[in-house]
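# Output the structure for:
(one chain, ligands or ions: 1)
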Amino acid sequence: MSQVYVKVCGISTAAAAQAVVDSGADAIGFVFAPGSPRLVSVEHAAGLAADLPVSIETVGVFRNQPLDLVLSSASQAGLTTVQLHGDEPDDHFDRLRDEGFRTIRALSIDRYREGAGSMRLGEDRVLIDAVTPGAGTTFDTTDLENRPPHGFWLLAGGLAPDNVAGLVRAVRPGGVDVSSGVESSRGVKDSGLIRAFVAAARQA
Ligand SMILES: O=C(O)c1ccccc1NCC(=O)[C@H](O)[C@H](O)COP(=O)(O)O
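Take a look at the predicted model:
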């Protein structure tokens with residue numbers, strides 16, 4: 001099996017961004033969803049992104065925000081990828097791809113269980129998350145083990161250095177995404193935990 005893809009989300013400082021790069025993670029996430037403890041401004045994200053190697057995927061996370069705002073923010077921050085974490089319609093993903101962004105469609109495990117069969121999931125990467133994003137909560141992954149999404153997908157929700165390897169082995173996602181599990185307190189990333197998380201994910 002190929003190496004699991006790792007995204008570390010909710011980065012807001014240069015030290016944390018450097019730890020993500022040093023850890024060998026594939027992607028770094030900046031949260032633009034109002035109300036998040038990890039919220040960054042477009043200008044701040046642009047400054048952090050500008051110092052990253054081009055090999056790392058830079059992801060802007062949005063939730064139920066106007067498409068024009070998403071497009072202008074992602075573009076001004078110089079990001080490669082947009083992750084939509086709300087109830088955004090298909091045409092938002094289409095437009096983002098038309099504008100040259102890669103896309104990640106985040107679905108809560110409840111939404112996946114209810115309606116994934118009727119959703120058009122093919123063109124976007126899918127991220128299956130807990131019901132409340134960024135809260136560090138795990139969920140029962142049995143349905144994902146039995147009926148995984150088609151195509152490339154990421155597992156998120158309460159992942160941490162001490163549980164990620166076991167979950168990767170059991171659930172077999174293409175990638176994993178973490179936020180709370182690499183924080184020393186809410187919204188504050190810990191460089192050692194970031195490195196430990198990526199190493200553990202890659203050992204799986
Ligand atoms: O992280 C947030 O605060 C957030 C707020 C609103 C929408 C999405 C948010 N995060 C999205 C992510 O991709 C998180 O990494 C994902 O939910 C996993 O979080 P955690 O369970 O804390 O590892």
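# Now for the spatially closest residue to V178 that is not a sequence neighbour, how many residues are close by?
Using Cβ to Cβ, 6 or more residues apart in numbering and skipping residues adjacent in sequence, the residue nearest V178 is L159, 4.6 Å away. Placement of C-beta: from N, CA and C, glycine included. L159: 25 surrounding residues under other Cβ atoms under 10 Å.
# Distance of L159 relative to V42?
For L159, the distance to V42 equals 27 Å [Cβ to Cβ, to the nearest Å].
# Distance check, G187 against the ligand.
Distance, G187 to the ligand, using Cβ to the nearest ligand atom, to the nearest Å: 8 Å.
# re the thing from before, now do the residue nearest to V178, the pLDDT please.
Here the pLDDT value assigned to L159 is 98.
# Please tell me I have it right and it contacts G181.
Yes: using Cβ atoms under 8 Å, L159 makes contact with G181 at a distance of 5.2 Å.
# anything in contact with each of these two?
Taking Cβ atoms under 8 Å, 6 or more residues apart in numbering as the criterion, L159 and G181 both touch F197.
# and the nearest residue to G86 once chain neighbours are set aside, helix, strand or coil?
In space, G86 comes closest to N64 once its chain neighbours are excluded; the distance is 3.5 Å by Cβ to Cβ, 6+ apart. Judged by DSSP: H, G, I helix; E, B strand; the rest coil, the three-state class of N64 is coil.
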